[in-house]
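Q: sequence first, then the predicted structure:
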Amino acid sequence: MDALDEIVLTGLTVFGRHGVFDFERRDGQEFTIDLALGLSLQAAAASDDVADTVHYGEVAERVSAIVAGEPVNLIETLAQRIADAVLEDERVRAVRVTVHKPHAPIIQTFSDVAVTVNRWRA
């Protein structure tokens, strides 16, 4: 079995309209996404060819489209949708997705709210 390496993308910030409150869907807000993809990078390291790895720019585009797309109530649901999309690439064996909602409607002072899901291929 190949090694389980990682491609990590942090701080992907995308405007979306997710939340349980009407004003969250109406006004929208920025969400920040962190991803860690578990896969083997041996073939890419040996060939030095982007075709032998998961292109993180393409992953960023796909995740951005999900965040900017159809609204959901919970960031838990958003994280699961992102994980499902990343795992569609057969080379990815595991993924960790963190969805940050730094402008969540909380009265108290806080710096961030985040949900992390860990998913892997059976």
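A: Received the coordinates, thanks.
Q: all strands for the chain, in order.
A: 5-16, 29-39, 94-100, 114-120 (DSSP state E).
Q: poorly predicted segments of this structure, please.
A: 1-2 (pLDDT under 70).
Q: returning to that earlier point: quick one, which of the strands of the chain is packed in tightest?
A: Counting by mean count of other C-beta atoms under 10 Å, strand 94-100 has the highest mean neighbour count of the strands of the chain, with a mean of 22. Backbone N, C-alpha and C define where each C-beta goes, glycine included.
Q: list the helices and strands it packs on?
A: If you count contacts as 3 or more C-beta pairs under 8 Å, 6 or more residues apart in numbering; DSSP states H and E, strand 94-100 packs onto strand 29-39, helix 75-86, strand 114-120.
Q: what lies in contact with it?
A: 4, 31-39, 75, 78-79, 82-83, 86-87, 112-121 (C-beta atoms under 8 Å, 6 or more residues apart in numbering).
Q: residues touching residue 3, list them.
A: Residue 3 neighbours (C-beta under 8 Å, 6+ apart): 40-42.
Q: what about 7 Å?
A: When contacts are counted by C-beta atoms under 7 Å, 6 or more residues apart in numbering, residue 3 touches 40, 42.
Q: and residue 31, by the same measure?
A: Applying C-beta under 7 Å, 6+ apart, the residues near residue 31 are 14, 16, 18, 67, 99-101.
Q: rerun that using 10 Å as the cut-off
A: 12-18, 67-68, 75, 78, 99-104, 114 (C-beta atoms under 10 Å, 6 or more residues apart in numbering).
Q: identify the bridge partners of residue 34.
A: In this structure, residue 34 bridges to residue 98 when assessed by DSSP bridges.
Q: use 54 as the first number from now on
A: Got it, the first residue is 54 from now on, which makes the last one we talked about residue 87.
Q: so it touches residue 63, yeah?
A: Yes: between residue 87 and residue 63 there is a contact at 4.5 Å, judged by C-beta atoms under 10 Å.
Q: sorry, back to before: let's have the strands of the chain in a markdown table, adding distance to residue 161.
A: Shown next, in a markdown table, are the strands of the chain (distance: least, C-beta to C-beta, whole Å):
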| stretch | distance to residue 161 |
| --- | --- |
| strand 58-69 | 23 |
| strand 82-92 | 17 |
| strand 147-153 | 17 |
| strand 167-173 | 16 |
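Q: cool, thanks, talk later.
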